[in-house]
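Peer 1: what follows is a protein structure lacking sequence information:
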């Protein structure tokens, strides 16, 4: 019907979460502002649940945060504790019923739960629960989690969430709320980010630190892999099991997914990108007149490339700021229309120039092809494509929407073939080593989509 | 914000159900037409679920059938078996999430379930399930039923529904569908109606026979109290437990709730009403010039009254056919505005006349007061109010929305006091005996709202 | 896409108007209530304009009154004078831009104007205006009227409207408002109705008196053919030109269009219908067991038929009260579906009976055919169709939407042929003389659609 | 209710126009794409009118282009010639009725007309027309224009538009279409831009050349001040009157309004901005560590400042890309919330740094104050604000929405006072001479908002 205009050639995050605990303030406004800041992590649905003295109210629907909520809806969400969620989803599953948070009642009261990531053993857990007579109303893994918690909630919620974490395999950042507590948890590998902040009379949990800045909260620290935090009137309590934990943060959070003004696990996303650009310049130098970026995600790396190479950075492509989520497919034959609506070449800066075009990643290669063609038509003498990450070659099972392997250009073509396909005069991908070093840390990342080295066993059912 | 215009002074039904099994046709259209015919049983939400070769798709939302569905939505509901529901609800609970049918997945597959009525031990069943770790996402009793079925579905669905019926106390007409069967069931007392019809290549279950007429189906019979019917490619199979069953159909189905063109348990609703009118004329004769009715529900009884008394029936009140479900409250002081929007006096027929005004029931008495006043202002010399049922004195626990007892004018005032309150020149209620005899059967009805003789124990939690 | 369910086999009114002048009250609420009462005259769009101390604000849109307005919209319409309109329209023209009232600014200030009826020389007037450079933004005749008033408004608005009336040919009931006056006018033949009522501190004009009843206004009189009334702080001023005026009220207002609780030009619509039924019984007696009506418009005549014939009146068809304006076309072959959604036979009353079926009019004959068939299927032994008006044989040029002549069954078939077509056992139409006498007046009606005797010359362009 | 998030402290353009003439293609798609590219010129309403063999169809409504149109609506707009419009408006006037294009019928047929700019003698023209009996339905100057054309269209449309241009005073870019022609015109001073492009089998007119790029059209030239172009099957015909014309393009098109990838009157908007940044560096040098911009409009100048000064350019503020047009006002006291939702500081780049912050213009100064504060809180050692235009001191009468003079910080405060107010360590505005020289041309601009030297007499009524 229409086609997605934004970033159809990029890897997509699955969701963002936020939770706020306050002693005296209504938190819905803060969660709303925080979800705004996390909107880049999911534009398909949004939801907020708040705890009003033991009663959990919520509103969630498909759409952007600005579309799902208005003043009237926020005003109805009174309460001092709350959680929120923005959701990315494939078209088929984008039903209001699958929006998060999920709110359920059970013998110990009510809980609201929201998570991002991907539980690789969700189907198995679902089957076990079904054997015990559980019915499911959604295809959402949060429903599996809620059922496990309800079952294990014999003594206290802390134990129940602990047991849940023992059962879950995969990646997740989890926020959960019952009548008196806000709980956050991060998977044992810390694949998905989650950080803790301080507000005046309480605390905040969020997928990215930019949400803290927007609310005016102070960043405290990132939640550790395998850590659960319980926040209530007594403050923040941290719980670790003895179990095996090690950090394997998704490298694509740095490459593309997170906002550049976020810090994740102590690393500035912006600096990591800029350093990647620098490393790229070292690995793939070229004699050229100008460094430009594919806005906005390639800009940090382009600035790094420019700094290292000494070739001046400048604007080469102008992005239309009013492009909505979908665009009506024009009937014209011109295949470049979609990209042209989003991007226009700044002819003045590229005409007659040898251009270094920096992008953060290449997935299918279709957008790159169109951009190189636009630049050449605008008079660029040469176009040297530089990509600040290695080719994506393997599917992700931990919450990133990767195309089928045959559509991953990096999986089927050599660098030379890709260069020819996109029509560039040269092409350089940043090496895995360069990428790792750009973070300033030697290890602690999941790079499976680049090298196939998955940090945990993937259930066969998931590998189809 | 607005106020309900239609029948705010009447008892309200809680919901209507329909189910269709066909060997080869898409059934969504038929269910849609049937729900149209059942719309008087609930205007708050509507839903249809269909079984498309093992996959259950559904659409449900708040609103009238004509608002919830359009061509595009019906076309997506492909499948040869389906169930539908229209819902009445109090304002607070009118959330899309509480709309029926409820569709759940469990170990044996998927089921869709919808019911009307009221399960008086629902809270106890919910607690037992919660003790076993079940989580609930709605306040709908269908969710309790689905969980019980899922738990008991060890061998086949028939046994599971049988066990469900053993556990349920209260009133219900239930339709349920899994991958290969359509199932209907009626509570042991047959408080809520459910009938069976035949379509070309299959069968239909519906709350009232008028839905069969609309679809062009042939009426076969009513489902018996305590009966379960299983409909599949082998036809209709009927199952009775040995358990205690006796007929206690809600008398208000005949008095007000059902459509006059329906037949319930072998009794024509229209004829029952007309006979009640005749009986009313015998019990409370009066010398008058004209018999008029409160349209539309009082018309059948008014015709009976006229026949018996020999006083001519005529139209005295004109009903506005375009009144929506809600009407914006005008700021005027005139307290009769609400009624005037709905009803206008046909002055020509009442001016200077001694009028017998026939209504089917009186709950709060507020509307009667306004109508009598309007008639007097229009020049009626006398207004003799005749009510074709006894005063409502007790709350219903079986699916009818009765006001608190202090608002039941019949519970707190004598007939003389009510007569004075509404401003009529005389007032007569049909006796319980007259009402029963109007059905042509001597027994088999629940009359608890009239005499307080509940056909089963009411759990204390419900009696609040 | 969908098909109109209500009355697709009836003549349709083109619109209803209302105007309220009050010294101190906000009138939007009253106009809203009045439009509710006039909703049967047009369901396609609705609008209200109010004069707030010289500034005219308005809201209008496609949809029912209850859909177009809500509390927030009414609250914005502050002002002591206002006019309102409900519109019937053919599907193509149902654009919001064509909704009325039309509000324009010109050299003497602002006016709002709304009318119903049909100006037969509108195209000629439009051309003359265009020759003078006028531009038009709608296809609405109100825009022609507004331009004429603006041009002639040299001295005062009274003269300008007077000149307008001299120029207009055709039928109209007109309400108009400027900064300090409410004006009403009726065409020289009085083809469309318009009456005057009194509210506490002001006056009301409305197409039908039922709107006065709803508001609680007192009926004063009908506006005369060719009369203009000006209402302001000095009260009501009436102006007649010397010009030729005579009464030719549209007979279909009595037959079908108006609400039975309205009085038009001193004649009760209900009584006229009942008398027509009586006359019909005299002209076409039959030996039968029961008189039933096609609800709701045939009921008054059926009661008359029953009274005169001595055959008892009873309910034979039940109308679904929840049918919306459009209904999704079911995919079934069953051609009677549309009617079945609307109407169901009350089998108890017709089975084995010889039935007199009274309808108010027959246009295409399609609905009658379906109803007779339904009655026969339900067991009626005989069905004698009686129509309380003569066959419609000629198109209307004065504001009623008549089908092309080839679709008027009365124009192409004899009574015998129609009887055979609809499948009735006998058929009788009321004679023209019988119809006229039913009003209690011997003359003063436009009967052109029945006899082709148009009360004025019809411009050739209109006769296409 | 909500508050405008985007650019509330900037001057606003009033509207953008586009027109396409094709011999054989449907043009609605192209106009839609073009309006997308012009969306920055107006986000309040959008409209498209197309000529389908002499019949003009249109759709227009309040909202963004992506909200007003969908596939179904575009498909109904068949035709080879069309015009489109995006509108900026003050809140009060943002009614659908005021959306453009305006389509009118008159004696010579139909025309559609759309313009941007401001007609300073519109009220006088309106009065003259009113004296002649013209009625107006909108407050839109396009309605005045349409009436003048209709009056003067005695021979041909060309003469009529020519007379219109003789009557109009003020700024405008006009597109107009009748049955066989597309016409464009630009005011005598060329205050608003309009350019001409070539498509395969026809021509395009648009406010900015970026619309041509998006459609894939080839830029031909800008329309000259006082020029009218008629486009039909014979190609493009240009008409100049002998009358006084000189170029006075609005300087703010270069400073802020236009997209940087547009060329206006032969000058690249991007280059003008960058040169302004260079000039700013020369006029107001400072010893600092980093040059950052207020994204996105300040970026071109910041790059220029960095180039000239040798201080490295980098990203200092991250803009949220998902901010909608309005944002629900949070209840928090934190006054910086609004800006924080839009902008976040990139701490890594400013902490401990001496920062040059480049913005394109300062109107009220409120946003600058908040940004400087955010930078300081993030650890910036010094913040030196540099503005690539002089202070705005006078209101614009030619189509730019300027606040009342008392809100123009440049009108009431000295540079020192402004510096203190915003909390910067130093502040420098580009001089008028520097600004002019940045365009590469010595003259031809309207700078009235900067120096009060209006290029034409302003009617007293407008000066209020």
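Peer 2: On my side now, so go ahead. All values reported here derive from a predicted model rather than from experimental measurement.
Peer 1: quick one: contacts for the closest residue to residue A:297 other than its chain neighbours?
Peer 2: The shortest distance from residue A:297 to any non-neighbouring residue, by CB to CB, 6 or more residues apart in numbering or on different chains, is to residue A:360 (4.8 Å). In this view, the C-beta of every residue, glycine as well, is placed from N, C-alpha and C. Going by CB atoms under 8 Å, 6 or more residues apart in numbering or on different chains, residue A:360 touches A:255, A:256, A:273, A:294, A:297, A:298, A:301, A:387, A:388, A:389.
Peer 1: what's the spacing between the first one and chain D?
Peer 2: Put plainly, it is residue A:255. 17 Å (CB to the nearest CB, to the nearest Å).
Peer 1: and that residue, what are its phi and psi?
Peer 2: phi -70, psi -50 (degrees, to the nearest 10).
Peer 1: is it true that it touches residue A:276?
Peer 2: Yes - with contact defined as CB atoms under 8 Å, residue A:255 counts as touching residue A:276 (7.5 Å).
Peer 1: any shared contact partners between those two?
Peer 2: Common neighbours of residue A:255 and residue A:276 (CB under 8 Å, 6+ apart) are A:388, A:389, A:435.
Peer 1: could you dump those residues to JSON lines with secondary structure?
Peer 2: Converted to JSON lines, the shared contacts of residue A:255 and residue A:276 look like this (DSSP: H, G, I helix; E, B strand; the rest coil):
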{"residue": "A:388", "secondary structure": "coil"}
{"residue": "A:389", "secondary structure": "coil"}
{"residue": "A:435", "secondary structure": "helix"}
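Peer 1: let's have the residues you listed in TSV, adding distance to residue D:133.
Peer 2: Shown next, in TSV, are those (distance: CB to CB, whole Å):
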residue	distance to residue D:133
A:388	69
A:389	71
A:435	76
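Peer 1: what about the stretch 51-200 of chain A, any weak spots by pLDDT?
Peer 2: Counting by pLDDT under 70, the stretch 51-200 of chain A has low-confidence residues at A:90-95.
Peer 1: let's see that with 80 instead.
Peer 2: Along the stretch 51-200 of chain A, the model assigns pLDDT under 80 to residues A:89-98.
Peer 1: so whichever residue of it sits closest to chain D, which of the three states?
Peer 2: Per CB to the nearest CB, residue A:66 is where the stretch 51-200 of chain A lies closest to chain D, at 3.8 Å. Under three-state DSSP, the three-state class of residue A:66 is helix.
Peer 1: and for residue A:48?
Peer 2: From three-state DSSP, the assignment for residue A:48 is strand.
Peer 1: show me the contacts for it.
Peer 2: Residue A:48 neighbours (CB under 8 Å, 6+ apart): A:28, A:31-32, A:35, A:58-60, A:69, A:74, A:77, A:82-85, A:101.
Peer 1: how does it look with 6 Å?
Peer 2: Applying CB atoms under 6 Å, 6 or more residues apart in numbering or on different chains to residue A:48 gives the contacts A:28, A:31, A:77, A:84.
Peer 1: so the first one versus chain D, what's the distance?
Peer 2: To tie it back to what came earlier, the one meant is residue A:28. In terms of CB to the nearest CB, residue A:28 sits 9 Å off from chain D.
Peer 1: show me the contacts for that residue.
Peer 2: A:48, A:50, A:74, A:77.
Peer 1: and what of the third one?
Peer 2: Contacts were defined as CB under 6 Å, 6+ apart; by that measure residue A:77 touches A:28, A:48, A:50, A:57.
Peer 1: ok, and the closest non-adjacent residue to the second one?
Peer 2: In space, residue A:48 comes closest to residue A:84 once its chain neighbours are excluded; the distance is 4.5 Å by CB to CB, 6+ apart.
Peer 1: would you mind confirming that the one you found is in contact with residue A:18?
Peer 2: Yes - contact criterion CB atoms under 6 Å: residue A:84 and residue A:18 qualify, at 4.6 Å.
Peer 1: who touches both of the two?
Peer 2: In contact with both residue A:84 and residue A:18: residue A:31, using CB under 6 Å, 6+ apart.
Peer 1: how about the secondary structure of residue A:458?
Peer 2: coil.
Peer 1: quick check: the residue nearest to it when sequence neighbours are not counted vs residue A:169, distance?
Peer 2: Nearest non-adjacent residue to residue A:458, counting by CB to CB, 6+ apart: residue A:397, 5.0 Å away. Look at residue A:397 and residue A:169: by CB to CB, to the nearest Å, they are 10 Å apart.
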